[in-house]
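Novice: Quick one: sequence plus predicted model below, questions after.
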Amino acid sequence: MQSPDNDASPAESIQALPMAASTVRLPKRQSVPEGHPLSQSEISLPQRRSHPSAAPLFASTLTPPGSRSGSPMGRGSPARSTMSGSVFGGPAGRSLLDTAADSPGDPRNLIIKAYVPHVAIYTSKDTEELAREKGFKNGLWELLRPFGEQVQGKVTIRDSNGASKTCEDFAVRFVKFGDNVDSLDGAKGAKAANGPNGQPRSNTTLQDVESVVDRHLTYAEDSFMHTPHHGTLTRQGLDVEATSPYYSLYLRRLLSGIPVSPHESFAHPVACVVAISSRSPSPIEDLRNLYNDTNAGENKMPVWVDGDYLRYYVLVHDEERDDITRSVALFDQMKRHLGLHCHLLRLRSTQSAETDDDSIPLPRSDWMSASEELADIRHSEDQEDFEDPTRYIFESDATAIRTFVREMVTQSIVPTMERHVSLWNDQVASRRRGITGRFMSISRKWGAFGGSSRSSVVGGGGSSSAYDPAGFYRPDAPEAVMRKLADFAFMLRDYKLAQSTYDLLRSDFSDAKAWRYHAAANEMAAISLLFLPQNLSSKSRAETIDQMLEAAFYSYQTRCSSPFGALRALTLGVELLRLRGGSSIDDAVRWGVRLLESKILGRIGDALMKERLAVCYASKTGVGSGFWGHRKRKSATWCVLAGESWLRQLKHIQSQRCLNEAARIWSELPHDNGISKFSVANDFIAGLQHQLDEKLEAEDGRNESPSQDVEEVLVDEESEALDYRSRRISMMGHAIPPASGLETAPLHRVNSNEKDPGDGSVQNDFG
């Protein structure tokens, strides 16, 4: 007899036995892949509030970089194939999480991929309709977005000195035209830099980031508790060599969705894709209307955005309905009138399905905003009929889009940015450098005493500043041009030019009392300087980086009431200082503690930052055979504090790992360096461990209780009932098999000779 609703079980192979049927009780949350023994069964994700189809929403943290072969998604799952990156055409198109695994713990990949050229998408109605027919409800932008996160092949970039360098991980960010734009409305905008309200968007962004990471953690904890051998993972500690997937997610969402704001131009469009389709009855008229909308229509960018950006014209040809001869003739006409910045994109209009032979999964964007991801997760929780969010496209479409993106980037966007950098550097920035430039700066600063008629109260107490009373610089102002020059140089990875330009702007914005501009310039000046390979002494760091970070933090937090900017500046500073090693690690921890004391972080951010401080201290190696100057005891202390923070949030697995890591560190120290004689500290840690033991045992009891949801399955037997329930493996005195279920972080096992962290005899240390 065939069992109902049990396709994943090997019941069909048992049917062949000519014996009587009996009832076997199977846990609903377990599935046994066909052809695998029960002891190696993979565990499917549980149904919490989310629909099972929502599993791909959490794939970025459930499948960490460098993880072992056991996949939480099971074989053939959409989420697992989505992360393969096949849509990008080979290893060069791997996900950000996979490329980060090449350099564990290195946040440079995150920062580099966060600050990339933004390309706006503006399309005609018939083009949007064609994309919706392919299954992309948000139009052409949703289809193109994943391809911009990894440009196929190598991209050659020239710096300000004319030297060429090759980048294998260059990316662009496709965005909707006119989306995510900050607004400044007259007199209210004049107070934006000093007013108590600041940007309401920043506070909402921080809340969304916290909520997204919290959902990932909760989903992983619930999934973890339903694995048959979850005791294995509770005995593991943190991995200080690789970045936690939750911290990577936190950092990505913090840097995702950069708004189009006046004080920084990273999100200003470098180019705009103006797209029409072959379905249009009047394509030339559509192109003219779309261009006018981007230039002077109701949808144009604010006045503080430079409208002189590249227009890239795309004709989307429907391979299944329209005549290619007509489309080629139209495309030739476009090139004659509009120049070489054109492309003919040939796509199939029908929707691809997973069952199609030539279909491949389209990866979810690594750089979606926190609000967008949170909306998807909430939708999966609220909708009973939530469908798998994985989208599929034809392989021919993927090839065409890859070719289009590479051609646009290498032949249009990068050369255009290089020309702008060269032009602005020669005509604007070079005049500010040297003795003549400094003299002109002093003259402008004290120009009011010479009877200048351009004195502005908002601009800076009588200085002849170009700072508008509404709270921004116009795009043709020298300060705005230099800010774009610095941002373009940073996106093209010319960090030396970027740092020198940001440094020039710091004093200009300070004199004009443009505090949001001043904070952003100091933030990026420090980041650019930390990207440079030069060694900095403690004195140099105190005179440069410390001053820049302090100015950025104070201006963001106090003058602009922008906790988002303050958090971003210090978080990036902490990570880049940590990577420099040596005495810079102590500076990184100092700024991390400053961030904790500011109370900007939420509960999730607080625990993650404490984990990072533990990693900072753990990465500092000592000198000589005695490893003098190491910070292992302080690393263990921060592990305990992080464990306490996780325990308060009922994140028991994360808390247990932190305590395990602390125990591992203490076990490697000589006995005299521990805190076995400090009864208060030992009692505190023992109390944490006792609470964790109670919580984990309670969860374990609920999972093992007979009252859990079960279903009856009819199978054939020969002489005794077959029990598919996985036997509970004792964790005492037996080797624990590797978990083939969920992994929530790249981990390593605590040494077997370690003592129980809840035992008061463990050598603990708060010092």
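Specialist: Received it, and whenever you're ready, just let me know what you need. Residues are numbered from 1 along each chain as shown.
Novice: where along the stretch 151-300 of the chain do the helices fall?
Specialist: Under the criterion DSSP state H, counting those that start in this stretch, the stretch 151-300 of the chain contains helices at 187-190, 200-225, 231-234, 245-255, 283-295.
Novice: Let me have those helices in a markdown table, extended by distance to Cys342, mean neighbour count and mean pLDDT.
Specialist: To be clear about C-beta, it is placed using only N, CA and C from the backbone, and glycine gets the same treatment. Putting the helices of the stretch 151-300 of the chain into a markdown table (distance: least, CB to CB, whole Å; neighbours: other CB atoms under 10 Å; pLDDT from 0 to 100) gives the following:
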| stretch | distance to Cys342 | mean neighbour count | mean pLDDT |
| --- | --- | --- | --- |
| helix 187-190 | 38 | 15 | 35 |
| helix 200-225 | 36 | 20 | 85 |
| helix 231-234 | 54 | 18 | 55 |
| helix 245-255 | 32 | 23 | 92 |
| helix 283-295 | 10 | 16 | 91 |
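Novice: who wins for proximity to Lys610 among those?
Specialist: Distance to Lys610, taken as CB to CB, is lowest for helix 245-255 among those, at 10.9 Å.
Novice: For Ala429, give me its contacts.
Specialist: 482, 485, 501, 504 (CB atoms under 8 Å, 6 or more residues apart in numbering).
Novice: next one: Gly565
Specialist: With contacts taken as CB under 8 Å, 6+ apart, Gly565 has the following neighbours: 202, 516, 519-520, 523, 552, 556.
Novice: if you set the cut-off to 6 Å instead, what comes out?
Specialist: For Gly565, the residues meeting the contact criterion (CB atoms under 6 Å, 6 or more residues apart in numbering) are 519, 556.
Novice: would it count as being in a strand?
Specialist: No - counting by DSSP: H, G, I helix; E, B strand; the rest coil, Gly565 is located in no strand; its state is helix.
Novice: Tell me how far it lies from Asn180.
Specialist: Between Gly565 and Asn180 the distance, using CB to CB, to the nearest Å, works out to 16 Å.
Novice: and if you look at Ile324?
Specialist: Applying CB to CB, one obtains 37 Å for the distance of Ile324 from Asn180.
Novice: what about those two, which has more around it?
Specialist: Asn180 (16 against 13; other CB atoms under 10 Å).
Novice: Ramachandran angles for the residue lying closest to the more buried one once chain neighbours are set aside?
Specialist: Closest residue to Asn180 apart from its sequence neighbours, by CB to CB, 6 or more residues apart in numbering: Pro259 at 5.0 Å. The phi/psi pair for Pro259 (degrees, to the nearest 10) reads phi -80, psi 160.
Novice: can you check Ser619 too?
Specialist: phi -80, psi -10.
Novice: So for Asp511, which of the helices of the stretch 151-300 of the chain sits nearest?
Specialist: helix 187-190 (17.4 Å).
Novice: about what we covered before: out of the helices of the stretch 151-300 of the chain, which is closest to Ala618?
Specialist: Each of the helices of the stretch 151-300 of the chain has some distance to Ala618 by CB to CB; the shortest is helix 245-255, at 14.3 Å.
Novice: Mind giving me the packing neighbours of the closest one?
Specialist: Using 3 or more CB pairs under 6 Å, 6 or more residues apart in numbering; DSSP states H and E, the elements in contact with helix 245-255 are helix 59-62, helix 200-225.
Novice: go with 8 Å
Specialist: With contacts defined as 3 or more CB pairs under 8 Å, 6 or more residues apart in numbering; DSSP states H and E, the secondary structure elements packing on helix 245-255 are helix 59-62, helix 96-100, helix 108-114, helix 200-225, helix 370-382, helix 563-580, helix 603-618.
Novice: okay, and for this protein, where does confidence drop off?
Specialist: Along the chain, segments meeting pLDDT under 70 span 1-56, 59-106, 184-201, 226-241, 385-386, 434-465, 622-629, 671-675, 699-767.
Novice: how about 50 then?
Specialist: Judged against pLDDT under 50, the low-scoring parts of the chain cover residues 1-49, 64-86, 88-101, 104-105, 185-199, 448-463, 706-767.
Novice: Alpha carbons of stretch 354-363, as CSV, please.
Specialist: Extracted in CSV, the C-alpha atoms of stretch 354-363 (Å, rounded to 0.1, in the frame of the first residue of the first chain):
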residue,chain,number,x,y,z
GLU,A,354,12.0,24.5,-13.3
THR,A,355,11.0,21.5,-15.4
ASP,A,356,12.2,23.0,-18.7
ASP,A,357,15.4,21.4,-20.0
ASP,A,358,17.1,24.7,-20.7
SER,A,359,16.0,26.6,-17.6
ILE,A,360,18.4,27.8,-14.8
PRO,A,361,17.6,29.3,-11.5
LEU,A,362,18.0,33.1,-11.0
PRO,A,363,19.8,33.8,-7.7
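Novice: what about dumping the CA coordinates of stretch 596-605 to CSV?
Specialist: Below are the C-alpha coordinates for stretch 596-605, written out as CSV (Å, rounded to 0.1, in the frame of the first residue of the first chain):
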residue,chain,number,x,y,z
LEU,A,596,28.5,49.8,22.3
GLU,A,597,28.5,52.6,24.8
SER,A,598,26.7,54.9,22.4
LYS,A,599,23.6,52.6,22.6
ILE,A,600,23.0,53.0,18.9
LEU,A,601,23.0,49.2,18.4
GLY,A,602,19.9,47.2,18.8
ARG,A,603,19.9,43.9,20.7
ILE,A,604,21.1,41.9,17.7
GLY,A,605,23.8,44.4,16.8
